[in-house]
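Undergrad: Provided below are the primary sequence and the corresponding predicted coordinates.
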Amino acid sequence: MRCMRCAAQCGCKQRRTDKAKLKMIISLLASVLVALASGTPYLYGVYAPQLVKRVGLTASHSATISLASNIGSGLGGFPAGLIIDAKDPPMSILIGSICIMMGYFGVHEVYVHRWANMPFICVAMVLVGFGSIISYFATIKAAQANFPKHRGSAGAIPVSGYGLSATIFSVIAAHYFKNNTGGFLGFLALFCGSVTLLCSYFVQLKTPLPPSFDEESALLTGTDPTHSHDHHPPSEHLPEPANSPVLVLLTSKKFLCHYLIVSVLSGIGQMYIYSVGFVVSAQVTYAKSSASDVETVQALQVGLISIASFSGRLLSGIFSDILHKKFKLQRLWIVLTTTLALACGQLILVYSNNLSLLAVTSAVIGGSYGLIFGTYPAIMADEFGTDTFSTTWGLICTGPSITLYILNKYFGRIFDSNTDANTGVCYLGNNCYRPVFQLSFYLGVAIFFVAMGLMWAQRKWL
């Protein structure tokens, strides 16, 4: 009789395990859709020149608008992380969907009615950035927590979807909304807001089996319930009060080094992503190509950045898991090599006036940016746990906003100073922006040595 009850109990447990696995897979698939709909801030380069020209603004104004988006996604990442850790992914993604829809609808109205109202535009872009990042962070937390033994690979799936987003939407813009920027902005508001809203319910964290279930099973099988793996939460780290991790992180030399690396490298990548529309316009004008080619080349560059970012994010998770588990090497090796690639991309921009090489630059910088953001979530989860992962990751993602602010403002000032006052066009090719990428190259070299120092120090900490 006892054996029959034990068999029935084991069968029930197996069914619950199968349902939990199915729920985790559905959650991961829904996370990909949410991430795809959340990666649209990187589309700014597709419509920025058209928006600025129609409303009557300058490249400096465009830099401010892109900064507003980054404030929402960068500085907003920290409160987004707190919300996700407190409310869990579904509610967080719901909040994100509302922000995305409101933000893009606001930008659409600005474009249609030619409202040169910078505060309104900036608020709308902050909403877009915050809505995107809170939805995106929620998908990363769900993936990391649901698959703790494969954090790099699982986390790379929504991360790569986020990177692929700009490719998909830039293709849509080029094929279905050519010369119709207003219609494209309206499409983003409706489609991205709806997808995140509908998928929010399915991005769930796995739950452990009820304690009573494990205790009953233990009594029947003669095992110790304290040794049941199903009874433990996903993270291997002990839970801490909600506010304590922030203080611990801010006083950790290790965290501050990671913060500096992500801040500079991601800031460099984002500066190029947000300013690529102006780089394209300068290069197309210098090459004396048709003005109608500008939008096509812009969409091509954004697509290349996105595909490269997607590939980098996806492969980084797999490679970092292999390095970390099979070869017992630090994941920071990926960061170190990526820094060199990013620096090479800056040099091409400094010395080249070739549209074909611009495509190479977009691929290199996009891939480097993807590798950084594909590798670092696993590094943070390994170092600081998944219980408060969204708070940790949200805090570290505030850093790129500082770098982006400095570089974007510098870019706008240099570009405007080289622009013809009568036509609003810069005819100087890479001289329109050369000093900006010289600075970003030197910053990349400096971070290379910081990463080397951190890797050396890690040997002692480990």
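TA: Structure's in. What do you need?
Undergrad: which residue sits closest to residue 406 in space, ignoring its chain neighbours?
TA: residue 267 (7.8 Å; Cβ to Cβ, 6 or more residues apart in numbering). In short, each C-beta sits where N, CA and C put it, glycine included.
Undergrad: Then residue 317?
TA: Counting by Cβ to Cβ, 6+ apart, the residue nearest residue 317 is residue 156, at 2.4 Å.
Undergrad: and the gap between the one you found and residue 382?
TA: To residue 382, residue 156 is 14 Å away according to Cβ to Cβ, to the nearest Å.
Undergrad: hang on, the earlier thing: and the residue nearest to residue 406, how many neighbours does it have?
TA: Neighbour count of residue 267, defined by other Cβ atoms under 10 Å: 23.
Undergrad: Quick one: mean pLDDT over stretch 267-281.
TA: The pLDDT scores in stretch 267-281 average 92.
Undergrad: ditto for stretch 175-186
TA: 91.
Undergrad: Okay, buried residues for that stretch please.
TA: Neighbour-count burial for stretch 175-186 flags 177, 181-186 (criterion: 16 or more other Cβ atoms under 10 Å).
Undergrad: returning to that earlier point: list the contacts for the residue nearest to residue 406?
TA: 399-404, 406-407 (Cβ atoms under 8 Å, 6 or more residues apart in numbering).
Undergrad: picking up where we left off before, assign a three-state SS to the residue nearest to residue 317, would you?
TA: helix (DSSP: H, G, I helix; E, B strand; the rest coil).
Undergrad: ok, it - contacts?
TA: Contacts of residue 156 by Cβ under 8 Å, 6+ apart are 313-318, 374.
Undergrad: If we use 7 Å, what do you get?
TA: The contact partners of residue 156, by Cβ atoms under 7 Å, 6 or more residues apart in numbering, come to 313-314, 316-318, 374.
Undergrad: in this structure, which ranges drop under the pLDDT threshold?
TA: Along the chain, segments meeting pLDDT under 70 span 1-17, 151-152, 207-244, 289-292, 386, 460-462.
Undergrad: where do the strands sit along the stretch 301-450 of the chain?
TA: Ranges of strands in the stretch 301-450 of the chain, per DSSP state E, counting those that start in this stretch: none exist.
Undergrad: that older thread, which element is the residue nearest to residue 406 on?
TA: In this assignment (DSSP states H and E), residue 267 forms part of helix 253-286.
Undergrad: buried residues in that helix?
TA: 255, 257-286.
Undergrad: Just give me how far that helix sits from the chain centre.
TA: Computed by Cα atoms, centre = their mean, to the nearest Å, the chain-centroid distance of helix 253-286 equals 13 Å.
Undergrad: Quick check: residue 425 touching residue 282?
TA: No - counting by Cβ atoms under 7 Å, residue 425 sits too far from residue 282 to count as a contact (8.5 Å).
Undergrad: For the residue nearest to residue 339 when sequence neighbours are not counted, give its distance to residue 257.
TA: Closest residue in space to residue 339, ignoring its immediate chain neighbours: residue 448 at 4.6 Å, by Cβ to Cβ, 6+ apart. Distance, residue 448 to residue 257, by Cβ to Cβ: 13 Å.
Undergrad: for the stretch 351-462 of the chain, what spans make up the helices?
TA: Read by DSSP state H, counting those that start in this stretch, the stretch 351-462 of the chain holds these helices, from start to end of the chain: 355-384, 389-396, 399-417, 434-461.
Undergrad: Tabulate these (a markdown table), appending mean neighbour count and distance to residue 308.
TA: Converted to a markdown table, those look like this (neighbours: other Cβ atoms under 10 Å; distance: least, Cβ to Cβ, whole Å):
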| stretch | mean neighbour count | distance to residue 308 |
| --- | --- | --- |
| helix 355-384 | 23 | 3 |
| helix 389-396 | 26 | 22 |
| helix 399-417 | 21 | 18 |
| helix 434-461 | 16 | 17 |
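Undergrad: Export those to a markdown table and append columns for distance to residue 330.
TA: Shown next, in a markdown table, are the helices of the stretch 351-462 of the chain (distance: least, Cβ to Cβ, whole Å):
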| stretch | distance to residue 330 |
| --- | --- |
| helix 355-384 | 9 |
| helix 389-396 | 17 |
| helix 399-417 | 21 |
| helix 434-461 | 6 |
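Undergrad: can you give me the angle the helix or strand encompassing residue 78 makes with helix 389-396?
TA: Using DSSP H and E, residue 78 falls within helix 77-87. Angle, helix 77-87 to helix 389-396, by axes from the mean of the first three to the mean of the last three Cα atoms, to 10 degrees: 170 degrees.
Undergrad: quick one: contacts of helix 77-87?
TA: Against helix 77-87 from outside (Cβ under 7 Å, 6+ apart): 92, 95, 130, 133-134, 137-138, 141, 388, 390-391, 393-395, 397-398.
Undergrad: Between which two of those is the distance greatest?
TA: Between any two of the contacts of helix 77-87, the greatest separation by Cβ to Cβ is 19.7 Å, found for 130 and 388.
Undergrad: Could I get the full set of strands for the stretch 1-150 of the chain?
TA: Under DSSP E, counting those that start in this stretch, the stretch 1-150 of the chain gives no strands.
Undergrad: Just read off the phi/psi values of residue 76.
TA: phi -70, psi -10 (degrees, to the nearest 10).
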